[in-house]
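A.B. asks: no sequence for this one, just the structure:
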């Protein structure tokens, strides 16, 4: 019995150390997930500050129309070259936003595969922000649309599936600046220029 006791004690200490190590690793993973998500939101804030002329893409559907109107006034009149530069900048900012969405989708899938319920729950909240607010933006919906900016072509099938499951197919939306609408013009084009661009 005396020789078994030290071995049993060593096994118990090892099991406890493994439990503590695994708990700490999960805690660090959760903290990193939260930190990474807030880094993503900071990237969105930097985009807004550095590229104020594309700030309409960072508005919710409810706030989109007034910001679009303010930008159109602030940027008027636009030469053809200025308009083209702004449209290219808009595409770059749009891709950056969709990249952050896809990164969050990947993080959520990884957390699911690791059966990490806390991270899945947190990342579901982040994804709800994207699909429930930011990506519902009428101009982002047009940029994503295969019939519009076709940015969906840059992304993985699982990202497209999550987008469509939450936001629907963009081909079914009416044109406009509001909730559940799609905006082919944005602040840079007039209605008459939409067909020509």
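C.D. replies: Perfect, I can see it now. Model, not experiment: these values are computed from the prediction.
A.B. asks: shaky segments in this structure?
C.D. replies: Scanning the chain for pLDDT under 70 picks out the ranges 1-3, 5-12, 15-34, 37-38, 170-172, 191-192, 195-197.
A.B. asks: What ranges does it have for its strands?
C.D. replies: Under the criterion DSSP state E, the chain contains strands at 174-175, 181-182.
A.B. asks: Single out the most deeply packed of those.
C.D. replies: Across these, averaging neighbours per residue (mean count of other C-beta atoms under 10 Å) puts strand 181-182 on top, at a mean of 20. Quick note: C-beta positions are derived from backbone N, CA and C, even for glycine.
A.B. asks: which residues are in contact with it?
C.D. replies: 61, 138, 141-142, 145, 148, 170, 173-176 (C-beta atoms under 8 Å, 6 or more residues apart in numbering).
A.B. asks: go on, stretch 59-76?
C.D. replies: By C-beta under 8 Å, 6+ apart, the residues outside stretch 59-76 that reach it are 53, 55-56, 82, 86, 133-134, 136-139, 177-181, 183, 186-188.
A.B. asks: buried subset of those?
C.D. replies: Buried members of the contacts of stretch 59-76, counted by 16 or more other C-beta atoms under 10 Å: 53, 55-56, 86, 134, 136-139, 177, 181, 183, 186-188.
A.B. asks: about what we covered before: any chance of the strands of the chain in a markdown table with distance to residue 111 as columns?
C.D. replies: Output for the strands of the chain, formatted as a markdown table (distance: least, C-beta to C-beta, whole Å):
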| stretch | distance to residue 111 |
| --- | --- |
| strand 174-175 | 36 |
| strand 181-182 | 32 |
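A.B. asks: so which of these comes closest to residue 166?
C.D. replies: strand 181-182 (15.5 Å; C-beta to C-beta).
A.B. asks: coming back round to it: looking at the strands of the chain, which is nearest to residue 92?
C.D. replies: Nearest to residue 92 among the strands of the chain is strand 181-182 (20.1 Å), distances taken as C-beta to C-beta.
A.B. asks: Residue 101 touches residue 156, doesn't it?
C.D. replies: No: counting by C-beta atoms under 8 Å, residue 101 sits too far from residue 156 to count as a contact (11.1 Å).
A.B. asks: Contact partners for the spatially most central residue of the chain?
C.D. replies: With distances taken as C-alpha atoms, centre = their mean, the residue of the chain nearest its centroid is residue 101 (2.7 Å). Residues near residue 101 by C-beta under 8 Å, 6+ apart: 127, 130, 135, 159, 163.
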